[in-house]
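Visitor: got a predicted structure plus its sequence, pasted below:
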Amino acid sequence: MNVFDFAMQMETDAEAFYRKLAGKSPVAGIKKIFTDLADDENRHYQIFRNLKNALKGEVPQESRVLDDAKNIFSDLLEQKADVGVMQDNLEGYRYAMKLEADGVRFYEDAARREEDAELKELLLRLAEEERRHFNVVENVYRYVNAPNEYLAWAEFSNLDEFHAFGRDVDL
């Protein structure tokens, strides 16, 4: 499988996964975040398909997902959305973070190996978009998981490490 086929499959899988998360979310703001991420993954797929078909693919525009996510999080905090109903998806959010981290590594590795400067730039831009996606999903995860990270006592000596409690995916 060449880099285009692999990347297209990865983008298709990520899109389907985000649409599934969006469909399961009872909170409109979280649903919009995952729908926007799915739309971005579909756009990435189209870019690779065009490149594979020997069309000159444009370097993708900057993703607007992160900007939109900031606004949505503000709305969630104002509405005091019930995070408890979203906690069923914690494993899904962790898996989404893993998907995005794997995507970043894949595109950066492919860019290191690529000799064509234009394609190398495209791969690095896609890696940066996947990094932004990781940050969006990580913020959703932290927001939803926050009630699980409550400390009842201040007797802990390793409070600096506590912010990453329950998170096994790093970028």
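Guide: Sure, I can see it. In this text, all values refer to a predicted model and were calculated from it rather than measured experimentally.
Visitor: which helix of this protein spans the most residues?
Guide: Counting residues, the longest helix in the chain under DSSP state H turns out to be helix 117-145.
Visitor: tell me the mean pLDDT for it?
Guide: For helix 117-145, the mean per-residue pLDDT is 87.
Visitor: show me the residues around Tyr93 that make contact.
Guide: With contact taken as CB atoms under 8 Å, 6 or more residues apart in numbering, Tyr93 is in contact with Leu21, Val137, Val140, Tyr141, Val144, Asn145. The way it works is simple: take the backbone N, C-alpha and C, and place the C-beta from them, glycine included.
Visitor: closest to Leu119 out of the residues you listed?
Guide: Closest to Leu119 out of the contacts of Tyr93 is Val137 (26.6 Å), distances taken as CB to CB.
Visitor: settle this for me: the closest one is touching Asp36, isn't it.
Guide: No. Val137 lies out of contact with Asp36 (CB atoms under 8 Å); the separation is 11.5 Å.
Visitor: element containing Arg49?
Guide: helix 28-52 (DSSP states H and E).
Visitor: same question for Ala110.
Guide: Per DSSP H and E, Ala110 falls inside helix 90-113.
Visitor: same question for that helix: list its buried residues.
Guide: Using 16 or more other CB atoms under 10 Å as the test for burial, helix 90-113 gives 92-94, 96-97, 99-101, 103-104, 106-108, 110-111.
Visitor: re the thing from before, turn the contacts of Tyr93 into CSV, including neighbour count.
Guide: CSV is the format used below for the contacts of Tyr93 (neighbours: other CB atoms under 10 Å):
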residue, neighbour count
Leu21, 23
Val137, 27
Val140, 28
Tyr141, 21
Val144, 22
Asn145, 18
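Visitor: nearest to His44, of those?
Guide: Of all these, Val137 has the smallest distance to His44: 15.5 Å, by CB to CB.
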